[in-house]
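Q: Please work out how this folds:
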Amino acid sequence: MTNGEPKAGDSIDKQKVEEFLQTESGGRAATGSAAIILFVVPLLWSLFQLWIASPLPYIFEFGVLNSTESRSIHLAFASFLAFAAFPMIKGRHVNKVPVYDWLLALAAAFTASYLYVFYDQLANRPGSPNMQDLVVAMAGLVLLLEATRRALGLPLTIVAGVFIIYSLAGPYMPDVISHKGASLNKLASHQWLGTEGVFGVALGVSTSFVFLFVLFGALLERAGAGNYFIKVAYAMLGHMRGGPAKAAVVASGLSGVISGSSIANVVTTGTFTIPLMKKVGFPATKAGAVEVAASTNGQLTPPIMGAAAFLMVEYVGISYLEVIKHAILPAMISYVALIYIVHLEACKMNMKGVERLNKPTLAQRMLVWVMMLLGLSILTLAVYYGVGWMKDVFGSAAMWILAPLLVAIYVGLVGYGSRFPDLEEDAADSLMDKLPPVGPTVKTGLYFLLPVVVLVWCLTVERFSPQLSAFWATVFMVFIIITQRPLKAFFKDSGNYLDGLKQGSSDLMLSLVTGARNMVGIGVATATAGIVVGTVTLTGIGLVMTQFVEFISGGNLLLMLAFTALISLILGMGLPTTANYIVVSTLMAPVIVTLGAENGLLVPLIAVHLFVFYFGILADDTPPVGLAAYAAAAISGADPIRTGIQGFTYDIRTAILPFMFIFNTQLLLIGLTGWFDLLVTVFSAVTAMLVFSAATQGFWFTKTRWWETIGLLLITFTLFRPGFWWDEIYPPTNERPGAELMQHVDEVAADQPIILQASGMSLSGDDVSKFMKLPLPKGDTPEERLAAAGLEVSTAGEVMNVEFVNFGSDAEKAGLSFGWTIDTVQVANPRPPKELMFIPALLLLGTLAFLQLRRRAGEGERPAFVPDNR
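A: Take a look at the predicted model:
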């Protein structure tokens with residue numbers, strides 16, 4: 001027995017794990033001619049994606065495709081493989097492809113490629129489809145839904161089917177969600193023959209960005225980077241309390257960089273980490289829950305975020321780097337808190353870490369950390385300033401110097417790593433009662449970091465597009481996977497150069513195939529999610545959702561956010577990350593923006609999209625559908641519902657973050673004034689999350705009492721949102737009448753915004769009143785500054801009327817329209833910094849810490865848990 005759980009739970013349900021692996025990595029394991037086709041077609045798909053991402057089409061002036069043509073071919077490959085690689089009924093025809101599946105695969109590929117094959121004809125009859133167009137469109141929609149069911153299961157298929165029915169049956173819906181409805185012809189044309197539905201932005205992102213990043217991850221995994229990340233995390237953290245669980249968190253975070261799915265992350269890293277957690281004393285339920293929480297958070301972590309980062313670029317209209325900047329702090333503090341939760345769980349059971357071979361002294365450990373920090377700092381400065389200097393001196397020719405230099409560094413790191421034993425893949429049931437040494441483990445695979453460096457360099461310094469950045473990182477990864485074995489053979493003088501080259505070439509081919517087969521689910525998911533987007537543009541359901549949520553919440557902001565979070569959780573159940581984000585952001589993001597503006601809460605659009613994205617992703621471990629929890633339970637042998645509930649209790653820390661950064665956008669690094677402000681924000685956020693973790697776990701230095709938990713929650717809230725209390729003491733703004741607009745504009749500094757409350761008639765004919773932020777450019781007079789913002793106003797007594805709004809101007813984007821009135825102007829009050837509220841919060845925290853430490857000293861030391869390694 002282990003902590004009261006049956007020993008039967010110690011075995012891995014290999015059949016269930018295999019099912020999850022099939023779902024995540026391409027379905028059937030066919031044999032014979034079918035196996036050849038299922039190898040060649042994904043290989044061609046990967047080569048096609050590399051071709052359109054490269055500069056080669058423009059260099060050779062051949063194979064240049066526009067975005068619609070590329071999307072059409074992309075979906076044709078995905079649809080063909082969905083029918084060929086996934087059986088109609090799970091568990092049947094797993095080793096062969098029936099004739100009817102080949103016919104369906106060809107039909108699906110034809111309907112998807114219709115826009116490419118008949119592109120010119122369709123362009124000559126926009127909005128006037130003929131009978132052939134409509135038949136193909138209807139068949140395409142039906143086949144796409146079936147492909148989605150096969151590759152991803154019923155949830156997304158049902159969601160898309162409901163939206164199709166809603167489009168057709170609008171007049172028969174309840175009044176609150178009714179609309180005039182769409183004909184079958186209009187539905188087919190809108191969803192399939194244009195770029196408003198299936199072939200919209202979501203499929204475009206899948207075509208342009210997502211495929212290359214999934215392929216990049218497949219290459220990294222095949223090269224051994226996944227095993228390297230796990231071993232490094234285990235070597236560095238395994239000696240701590242609950243070390244394997246902490247290693248699982250770090251390994252899943254690193255794997256999240258190369259994985260596009262919470263479930264794939266659970267299955268790949270969990271088969272190693274979950275048994276290890278159980279061996280050191282974690283109950284099966286908690287071992288699975290830790291892996292679920294870590295893998296779920298991997299989808300929230302830049303730079304890829306389950307491909308949602310690239311979708312946000314398109315939907316929010318900001319650069320990729322801006323998305324990364326805003327998402328990085330919440331993801332970081334969420335992972336730090338999860339490691340701390342694992343530590344608290346280990347402290348509750350008084351666990352000890354796994355014994356390390358050749359255990360170093362404290363001085364040696366400190367020296368290693370200092371050397372690592374110095375080495376990273378020197379390397380960073382050398383790369384930044386050295387490369388920057390070379391670019392200044394050599395200009396465009398610098399790349400011809402940097403590329404050989406990068407190759408030389410790679411060869412040097414491979415040679416250095418070859419001095420140490422290769423890392424072996426350990427079986428999940430292997431006995432690991434000794435830790436590998438940190439130094440040799442880290443040094444064997446340092447060259448795996450180079451492709452990630454190339455990717456980040458291209459994105460942040462060269463400012464290439466995500467597509468081109470992923471292309472060059474993938475090209476370098478191809479070079480690594482082919483050459484690493486021959487180079488190791490050379491440095492180890494084993495003489496097997498040709499065998500190493502053959503193995504590398506085989507690894508490359510398998511990686512290209514694996515990457516494409518991993519993309520089947522994502523490809524059809526983004527296409528099917530496009531049906532939801534198309535329904536919104538066809539029916540206007542977005543406005544209906546706003547009215548519905550406003551009615552339910554009664555205009556209360558917190559209730560509105562809570563209800564939006566609940567709907568995002570429900571919509572996200574069972575959906576893959578990309579489809580999840582598309583659905584919840586399309587339906588729910590406008591709700592927060594609109595209702596927030598009407599109630600005085602001006603939320604940046606990126607904060608809104610991150611809010612709905614967080615809750616959509618949390619559906620992966622939310623019972624009863626949390627698929628990541630089912631995957632973890634298949635490995636741990638625990639009950640999936642209990643695993644999901646436990647995982648969600650760990651993820652409560654993640655669930656409160658969206659509420660905090662909606663009201664305190666400094667957590668998204670918005671509105672910071674300098675480095676000191678940044679440091680204060682990071683310190684307060686990390687501290688708040690650690691305190692919250694202690695409060696929710698009921699344990700800090702010792703078991704917490706009820707009043708201590710209340711104190712810890714109060715401290716958490718204050719550190720996350722000091723403005724709540726400060727606003728009660730010092731109101732942040734006061735309101736002036738709209739007639740005083742000109743005086744206020746004259747007082748505002750150049751390029752600073754003003755906040756207005758305006759009212760008027762909306763496009764739907766309803767009277768609305770909302771707050772809005774209007775940027776003010778430079779100008780000599782208030783009238784010139786308003787005109788530069790696209791606004792002309794006039795005064796009629798005490799009323800300020802909007803006389804004219806330029807189309808596409810800042811005023812029009814803010815929401816102003818002709819005929820509206822400006823009711824009030826918000827003016828900021830001078831006041832002390834709200835961060836002064838941190839002082840009483842930290843004093844209270846210190847008091848609670850003193851009381852807990854004194855109580856723990858009185859309780860004495862408990863016996864350590866001894867892991868059962870039988």
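Q: who does the helix or strand that residue 612 is a member of touch, helix- and strand-wise?
A: Secondary-structure element containing residue 612, defined by DSSP states H and E: helix 605-618. For helix 605-618, the elements it packs on are helix 308-316, helix 320-348, helix 557-572, helix 577-598, helix 652-663, judged by 3 or more C-beta pairs under 8 Å, 6 or more residues apart in numbering; DSSP states H and E. All C-beta spots, glycine's among them, are computed from the backbone N, C-alpha and C.
Q: Checking residue 825 next. Helix, strand or coil?
A: Put simply, residue 825 is strand when judged by DSSP: H, G, I helix; E, B strand; the rest coil.
Q: In contact with it, which residues?
A: With contact set as C-beta atoms under 8 Å, 6 or more residues apart in numbering, residue 825 has these partners: 735-738, 740-741, 744, 754-757.
Q: same thing but at 6 Å, please
A: Counting by C-beta atoms under 6 Å, 6 or more residues apart in numbering, residue 825 makes contact with 736, 741, 744, 756.
Q: Most neighbours out of those residues, which is it?
A: Using other C-beta atoms under 10 Å as the neighbour test, those are led by residue 756, with 25 neighbours.
Q: hey, where'd the strands end up in the protein?
A: Secondary structure of the chain by DSSP state E: the strands cover 355-356, 434-435, 733-737, 753-761, 767-775, 791-796, 799-805, 821-828.
Q: got those as JSON lines, with distance to residue 234 and mean pLDDT columns?
A: Shown next, in JSON lines, are the strands of the chain (distance: least, C-beta to C-beta, whole Å; pLDDT from 0 to 100):
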{"stretch": "strand 355-356", "distance to residue 234": "11", "mean pLDDT": "64"}
{"stretch": "strand 434-435", "distance to residue 234": "7", "mean pLDDT": "72"}
{"stretch": "strand 733-737", "distance to residue 234": "52", "mean pLDDT": "85"}
{"stretch": "strand 753-761", "distance to residue 234": "50", "mean pLDDT": "86"}
{"stretch": "strand 767-775", "distance to residue 234": "48", "mean pLDDT": "84"}
{"stretch": "strand 791-796", "distance to residue 234": "60", "mean pLDDT": "85"}
{"stretch": "strand 799-805", "distance to residue 234": "60", "mean pLDDT": "86"}
{"stretch": "strand 821-828", "distance to residue 234": "51", "mean pLDDT": "86"}
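Q: Low-confidence bits of the stretch 51-200 of the chain, can you list those?
A: Residue ranges of the stretch 51-200 of the chain with pLDDT under 70: 91.
Q: re earlier: can you tell me which of the helices and strands packed on helix 605-618 is most buried?
A: helix 577-598 (a mean of 25; mean count of other C-beta atoms under 10 Å).
Q: what's that helix in contact with?
A: Counting by C-beta under 6 Å, 6+ apart, 156, 202, 299, 306-308, 311, 315, 522, 525-526, 529, 532-533, 536, 542, 545-546, 549-550, 560, 564, 567-568, 571-572, 603, 608-609, 612-613, 616, 770-771 sit against helix 577-598.
Q: still on that earlier bit, between the strands of the chain, which one is closest to residue 115.
A: In terms of C-beta to C-beta, the element of these nearest to residue 115 is strand 799-805, at 37.1 Å.
Q: And the contacts of the closest one?
A: 738-739, 741, 790, 792-794, 811-812, 816, 818, 820-822.
Q: Relative to that strand, what are the paired strands and their orientations?
A: According to DSSP bridges, strand 799-805 has the following sheet partners: strand 791-796 (antiparallel), strand 821-828 (antiparallel).
Q: Can you check which of those strands gets nearest to residue 333?
A: strand 821-828 (28.4 Å).
Q: So which bits of that closest one are buried?
A: Judged by neighbour count (16 or more other C-beta atoms under 10 Å), strand 821-828 contains these buried residues: 821-827.
Q: Average the pLDDT values over stretch 512-524 and round to the nearest integer.
A: The average pLDDT for stretch 512-524 rounds to 88.
Q: which residues make contact with it from outside it?
A: Here stretch 512-524 has contacts from 25-26, 39, 42-43, 45-46, 78, 81-82, 147-148, 151-152, 206, 210-211, 214-215, 218, 576, 578, using C-beta under 6 Å, 6+ apart.
Q: which of the residues you listed are buried?
A: 25-26, 39, 42-43, 45-46, 78, 81-82, 147-148, 151-152, 206, 210-211, 214-215, 218, 576, 578.
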